[in-house]
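Sequence and predicted model, in that order:
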Amino acid sequence: MDKEQYVKLVNKNIKNNARKLLLKQIDRFYNSINNYKIESNDYKVGDLVRLKKGTLLHGTYKNIEGLEKIAKVGLMCDLVVNGRNSKYPYTVGVWNLQKDYLLKDYIDFYSGATIMFKGEGLKDTSVIPYSKMSDIMSIVTRNDYFIWTMEQTKEARFMPSYQQENVQIGIIFNGNNYYVKELLKGDILNTTISDEDVKPFINEWFYERFLKDRKEKDAFFTDRESAIVFLLPACFIEGILVGRKYEKDNKILRKIKTLFPNCYICNLDGKVIFN
């Protein structure tokens, strides 16, 4: 669809301030694709990938088929494409790095587990990296806690990780530019958007919990996420992370490089394997 069609769709289906925000995001989207050009990278095969604070990442459960669709436009919200039922209709979800990382260290971090500790009047949450999971007993055996609840991190479910092989494609977006920062003004997980204005972008069954959790983020409802209204353009994609299956598939790797000739391809060791 072109810009006029998106605007028509929004005007037909969305009301009030939600409409204003969506229309503003459409303007930002087209400003991005008309003006932003990804810088070429200087990685060589075997180099460790470094991710700057503000880098955005997304995993697609449709793998290479999903990547082919994303290459045409970018990440698309439920208003535009039918996908998994989302807590946050009309938005696209990405992981938003809160500090600089080596990719290998970020993968180790999110391939671990999220844990909640409870005790008498006490509650705490944290992430245990994959490399620290063997120390789990020394981590949980503290006298002031008597309940421990642990689960996969969200990233481990939706990005290529050490824990599962269903997701073989992770997408790395350059988040350190003016245009992405403008689009992030439409991030509904940011409390700068009021409770009233954010309501149309939240599924009804989740709204009340969302309002509470958005203000009191922890390791479960994390500050590592953004939910950006409308679309995130493909022009910001700088790299593709592949799981172990795709790493060994030269046909898939060549296909990815055809889709994104200026991007590097990296593996779960955090190293460039194709550039």
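Right, received. Where do you want to start?

Isn't R224 up against L97?
Yes - R224 is within contact range of L97, at 7.3 Å (criterion: Cβ atoms under 8 Å). (C-beta placed from N, C-alpha, C; glycine too.)

is it fair to say T149 lies in a helix?
No - counting by DSSP: H, G, I helix; E, B strand; the rest coil, T149 is not part of a helix but strand.

Which residue, other than its chain neighbours, is closest to it?
Among residues not flanking T149 along the chain, M116 sits closest, at 4.4 Å (Cβ to Cβ, 6 or more residues apart in numbering).

Can you classify that neighbour by secondary structure?
Assigned with three-state DSSP, M116 falls in the strand class.

got the buried residues for stretch 20-36?
Applying a neighbour-count criterion of 16 or more other Cβ atoms under 10 Å, the buried positions in stretch 20-36 are 21-26, 28-29, 32, 36.

lowest-confidence helix or strand of this protein?
helix 136-140 (a mean of 84; mean pLDDT, DSSP states H and E).

outside of that helix, which residues touch it?
115, 117, 128, 132, 148 (Cβ atoms under 8 Å, 6 or more residues apart in numbering).

my read is L241 is in a strand, agree?
Yes - membership of L241 in a strand is supported by three-state DSSP.

what's around it, how many residues?
By the criterion of other Cβ atoms under 10 Å, L241 has 27 neighbours.

how close does it sit to F210?
Distance of L241 to F210, computed by Cβ to Cβ, to the nearest Å: 29 Å.

try P200
Distance, P200 to F210, using Cβ to Cβ: 12 Å.

Compare the two and say which is more crowded by neighbours.
Between P200 and F210, counting by other Cβ under 10 Å, F210 is the more crowded of the two (21 against 18).

how about the strands of the stretch 1-150 of the chain, start to end?
Secondary structure of the stretch 1-150 of the chain, counting by DSSP state E, counting those that start in this stretch: strands at 50-51, 56-59, 74-76, 91-96, 101-102, 113-119, 122-128, 147-152.
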